[in-house]
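Chemist: Please work out how this folds:
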Amino acid sequence: MAARESSKGLAKTMYPDLEKNQQQMRAYQEMDAEQLFQTQWVKVELPPEEFPGYKGDRIVCDQCGEGVNFHREVSQEGKLLCRACAGERYYQVEE
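Modeler: You can find the predicted model right below:
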């Protein structure tokens, strides 16, 4: 489901005397779903590790020994590393 860009233009034609946000708020209350949204059935393939309860392989970082799950390891110069040891740390260590 995706919002239609055309709904903004339709709101403008429905309430040309109002400010943009007010146009949209008022018009969107009156428009039907087909005017507001485009719907399309799609298929999304997810790997098993994306499902609840998945028990996948666990590797140990060759540098720090941390356990790494869900294929989040990084292969670097023949070693399997956690993301932090591979230089992809998202946090800072406080000293």
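Chemist: Could you pull out the helices in this structure for me?
Modeler: Applying DSSP state H to the chain gives helices spanning 6-14, 20-30, 33-36.
Chemist: now those helices as CSV including mean pLDDT, mean neighbour count and distance to V60?
Modeler: Glycine gets a C-beta too; all of them are placed from N, C-alpha and C. Converted to CSV, the helices of the chain look like this (pLDDT from 0 to 100; neighbours: other CB atoms under 10 Å; distance: least, CB to CB, whole Å):
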stretch, mean pLDDT, mean neighbour count, distance to V60
helix 6-14, 94, 15, 52
helix 20-30, 94, 14, 53
helix 33-36, 95, 12, 51
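Chemist: quick one: which of those helices is nearest Y91?
Modeler: helix 20-30 (38.4 Å; CB to CB).
Chemist: Only C-alpha atoms, please: export that closest one in CSV.
Modeler: The C-alpha trace of helix 20-30 is given here as CSV (Å, rounded to 0.1, in the frame of the first residue of the first chain):
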residue,chain,number,x,y,z
LYS,A,20,-1.8,23.5,2.1
ASN,A,21,-2.0,21.5,5.3
GLN,A,22,-5.6,22.5,5.9
GLN,A,23,-6.5,21.5,2.3
GLN,A,24,-5.0,18.1,2.8
MET,A,25,-6.4,17.4,6.2
ARG,A,26,-10.0,18.3,5.1
ALA,A,27,-9.9,16.6,1.7
TYR,A,28,-8.3,13.4,3.0
GLN,A,29,-11.2,13.0,5.4
GLU,A,30,-13.6,13.1,2.5
